[in-house]
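Asker: prediction below, plus the sequence it came from.
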Amino acid sequence: MGATSLAGGFLLVGITSVLSQTLFTRELVNIFYGSEIALGFILAGWLVFTALGSYIGKRFRGELFFTSQVGMGVVLPLEYLFVRNLRTLIHVPLGMIFPLEVIALLSFVTLIPIAVLNGILFINACDLYERVKKSAVKGITSVYVIDAIGDMTGGLLYGYLFVRMFSLPTLFLFMGANLISATYLRFKRWRFMGYIIIAAVPFAFKLENPIMRMAYPNYKVVDYEHSIYHDIVLTQRVGLNTVFVNGGIAFSYPLEEVTELQTYFPLVETPQVDHIAIVTYNPQVIGAALNFNPDTLYWLILDKQYLKFVIRNLHPNFIGDTRVKLMIGDQRLKLKRWEGPLLDAVLLDVGDPLSALSNRFYTVEFFNEIAHILKPTGVLFLKVSSDPTYFSHALLAYNGSIYRSLKSVFHTVTVIPGEMLFFIASKGGNYHSLVSDTLEMRCYKAGVIPSYFRAGYLYGMLLPERIQFVVDKLESYEGKLNHDFHPVAAYYHLIHRSYYFAGYLGKLFWWLQNVPIWLSVILWIAVIIAVIGLARNYVRKRILEIGVIGFAAMGVNILLLTGFQIIYGYLYHYLGILSGIFMLGLTVGATRGALKGSLKSIEAGILGFLFVLCGILWLTRTYTWWVVMHCFPILNFVMGYFVGCAFPVAIRSLVTHGVAGKYAASILYTADLIGSFIGAIFVPFIFMPLYGVFATLIFMGIPFVILLIL
């Protein structure tokens, strides 16, 4: 059994591990509609069961590596099919948001097989390589470096290549590769199975259609498209066509009533409609706005492939209209860097703020950006889910945080109640009216003959007492405003939705947001000191230090992903690339740590890094320079470097003090994963939504300050 052959197997396992992790993370985040809390649960599930696999793996000899590698190859496509059809299997309708408890349970259960196998593989690889190298420190460090190189390669391959493909052929390819690798040194007579599976990769492409149809039961799938941003599916049911984007309902058609209301309301609240910007998936909104005959209508859309999909299936009659200017790219950045004429209206149709990505269209910072590109009489329109007759605490906080954020920027905010609450904001407001006859008359003056936007229909929506009730409720909100780096609206929306299912986690989160920050800091310091006090002997102290470094690494990764998403938009096609760059830093750090280093100096370096990160994120609130954008991969690299240095230093430290190599690798790897698990829970669930990104960095720095002092 040669070192080169083993290294090739370890490398392939690393590539497969990150590819599968990134792929399943993207699939599950799409199912759970992109929430950072859902992302935290997914990462936490992966980490805790990898730690369990590491604990199991130390009880077996290294030969279990080859059996586990075969198991990983077999599990990959089966788990993908399970994830793809998750909603169907548990009877959750399309478009329904999962309760928090279900998100947590499914994230953990779904990832058990692949995560446990991943943990077993790492520990058994350490055992095998320790025997080859005749040294525990060299063997374990070599495996750590090879695994990191494999992880880096897998992340970059996904980000640049496989993200653009249907996923099942990719999994077939790596299933076959792992079987060939495992049977090269063991189970040699079964090697032909790997070649058969790789030969079947072209056949896997033909499975795309039936798998897609299985994921949309009771719907006729008319067409579908994959892009680096979206999975787009057009379905038909009972004469109604529905477009799903990443598993969520983007819009249905034909629904003329809904389209008229959300388009005509803002356009009759401004005296002229020369230049309009619209952010929407729905081409019906564009068609309705063109009825007002603007000089220019800017349609801001993220994905060129989505546009091609719409043209191919919906055949909108405005394609080729010289008044329509398409702007492809992140819509928030396009508006932030606006170079066109001042606008009469900006219409947002982006759905509720389910995550930091969509929340960035409902923040004080965004509203300020829009105020600068509107004419004095221009209007901003947006809508959120609500209730016209009853406001729970969570719903009031959700709607109130957005309303108050609007009021902090715009002089006038007109409210139109309903199950979708309409906000129309402007810097002046003299032209605003809620008189149904006046609104209908303005339509006719603009040359528009409405089907539904008529005085008789509008009268019931615009009852003064109904509007006053909602305005009084919204004005009574005295909580936090919604900011880019403190996305309270997304948090309140999550709590509000969880109340639909009588969930306990939603109630816990609501209770936590009433805990003052000073009390949270005191409790956090007390917990850290207590844990350090329990780890007085040398071995426990090293284990604790690796756990704290794992906690910081996961927290920084989540903050960087969230920050990148807030500032620069959709990131899931960058997920593998950022992961790969982190692993590159890990590789360089592990190589350095194998030669020299101390955990104290690494902890001091991480503490300083957290302060630097705080300053860079503060800069990005205002500036979106090219250099600042490319700081994110560099920051990922630096954090990976610190983590990579720590593991071999700790291994050498424990082995020097008489701890067996395989045992040292197992307990330190488990500690790293458990620390990362705690980071995946605390950072997105508690620190970031309750206190914001900058306070979160302070909470993350406290353990290092205490470790350095004690």
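Answerer: Cool, got the structure. Numbering: from 1, shown residues only.
Asker: in which helix or strand would I find Met72?
Answerer: In this assignment (DSSP states H and E), Met72 forms part of helix 64-84.
Asker: buried residues, the helix or strand just after that helix. List them.
Answerer: Note on helix 64-84: by DSSP H and E, the next helix or strand toward the C-terminus is helix 86-89. Neighbour counts over helix 86-89 (16 or more other C-beta atoms under 10 Å) mark Leu86, Arg87 as buried. Where C-beta positions appear, they are placed from N, C-alpha and C, glycine not excepted.
Asker: in the chain, which helix has the most residues?
Answerer: Secondary structure of the chain per DSSP state H: the longest helix is helix 538-568.
Asker: gap between that one and the chain center?
Answerer: Helix 538-568 sits 17 Å away from the centroid of its parent chain (C-alpha atoms, centre = their mean, to the nearest Å).
Asker: cool, and stretch 43-58?
Answerer: 22 Å.
Asker: returning to what we had before: which positions within the longest helix of the chain qualify as buried?
Answerer: Within helix 538-568, judged by 16+ other C-beta under 10 Å, the buried ones are 539, 541-568.
Asker: likewise for stretch 301-311?
Answerer: So stretch 301-311, judged by 16+ other C-beta under 10 Å, has buried residues Ile301, Leu302, Asp303, Gln305, Tyr306, Leu307, Phe309, Val310.
Asker: residues in contact with that stretch?
Answerer: With contact meaning C-beta atoms under 8 Å, 6 or more residues apart in numbering, stretch 301-311 is reached by 223, 225, 227, 229-230, 232, 234, 245, 281, 283, 316, 319, 326-331, 569-570.
Asker: selecting buried members of the residues you listed in ChimeraX, what would you type?
Answerer: A single ChimeraX command selects the buried members of the contacts of stretch 301-311 (16+ other C-beta under 10 Å):
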select :225,227,229,230,232,234,245,281,283,316,327,330,331,569,570
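Asker: among the contacts of stretch 301-311, which lie within strands?
Answerer: Asp223, Glu225, Ile232, Leu234, Val245, Leu326, Met327, Ile328 (DSSP state E).
Asker: list the beta-bridge partners for the fifth one.
Answerer: Partner residues in beta bridges with Val245: Ile232, Gly248, with DSSP bridges as the criterion.
Asker: now do it, the pLDDT please.
Answerer: Here, the pLDDT recorded for Val245 equals 82.
Asker: show me the contacts for it.
Answerer: Contact partners of Val245, counting by C-beta under 8 Å, 6+ apart, are His230, Asp231, Ile232, Tyr281, Tyr306.
Asker: got these as CSV, with pLDDT and distance to Gly608 columns?
Answerer: Shown next, in CSV, are the contacts of Val245 (pLDDT from 0 to 100; distance: C-beta to C-beta, whole Å):
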residue, pLDDT, distance to Gly608
His230, 76, 39
Asp231, 79, 41
Ile232, 85, 44
Tyr281, 90, 44
Tyr306, 88, 43
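Asker: which one of these is nearest to Asn209?
Answerer: Asp231 (13.8 Å; C-beta to C-beta).
Asker: how much space between the closest one and Ile97?
Answerer: 18 Å (C-beta to C-beta, to the nearest Å).
Asker: quick revisit: how far is the helix holding Met72 from where the chain is centred?
Answerer: Relative to its chain's centre, helix 64-84 lies at 25 Å (C-alpha atoms, centre = their mean).
Asker: so, low pLDDT: which residues of the stretch 51-200 of the chain?
Answerer: For the stretch 51-200 of the chain, the stretches with pLDDT under 70 are 61-63, 95, 133, 135-137, 159-160, 163-166, 184-185, 187-191.
Asker: which residues of it fall in helices?
Answerer: 64-84, 86-89, 100-110, 112-133, 136-160, 167-185, 191-199 (DSSP state H, counting those that start in this stretch).
Asker: tell me how this protein divides into domains.
Answerer: The chain breaks down by automatic domain parsing into domains covering 1-215, 217-249, 254-497, 515-710.
Asker: which residues of the stretch 201-350 of the chain score low on pLDDT?
Answerer: Low-confidence segments of the stretch 201-350 of the chain, defined by pLDDT under 70, are absent.
Asker: now do the contacts for Ala680.
Answerer: Ala680 touches Gly40, Phe41, Leu43, Ala44, Leu47, Met554, Ile558, counting by C-beta under 8 Å, 6+ apart.
Asker: do the same with His486
Answerer: By C-beta under 8 Å, 6+ apart, the neighbours of His486 are Lys480, Tyr691, Gly692, Val693.
Asker: make it 7 Å
Answerer: His486 makes contact with Lys480, Gly692, according to C-beta atoms under 7 Å, 6 or more residues apart in numbering.
Asker: count of residues packed around the nearest residue to Asp349 once chain neighbours are set aside?
Answerer: Closest residue in space to Asp349, ignoring its immediate chain neighbours: Thr280 at 3.8 Å, by C-beta to C-beta, 6 or more residues apart in numbering. With neighbours defined by other C-beta atoms under 10 Å, the count for Thr280 comes to 22.
Asker: re earlier: distance to Lys507 for the domains of the chain - can I get that in TSV?
Answerer: Shown next, in TSV, are the domains of the chain (distance: least, C-beta to C-beta, whole Å):
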stretch	distance to Lys507
domain 1-215	10
domain 217-249	25
domain 254-497	8
domain 515-710	14
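Asker: to Thr620, which of the helices of the stretch 51-200 of the chain lies closest?
Answerer: helix 136-160 (21.2 Å).
Asker: give me the helices and strands touching that closest one, please.
Answerer: Other elements packing on helix 136-160 under the criterion 3 or more C-beta pairs under 7 Å, 6 or more residues apart in numbering; DSSP states H and E are helix 3-31, helix 112-133, helix 575-593, helix 631-656, helix 661-682.
Asker: turn those into a markdown table, columns for distance to Asn359.
Answerer: Shown next, in a markdown table, are those (distance: least, C-beta to C-beta, whole Å):
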| stretch | distance to Asn359 |
| --- | --- |
| helix 3-31 | 15 |
| helix 112-133 | 29 |
| helix 575-593 | 19 |
| helix 631-656 | 19 |
| helix 661-682 | 20 |
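Asker: tell me which of these sits nearest to Ile198.
Answerer: So among these, helix 3-31 is nearest, using C-beta to C-beta, at 13.0 Å.
Asker: how far off centre is that closest one?
Answerer: The gap between where helix 3-31 is centred and where its chain is centred comes out at 19 Å by C-alpha atoms, centre = their mean.
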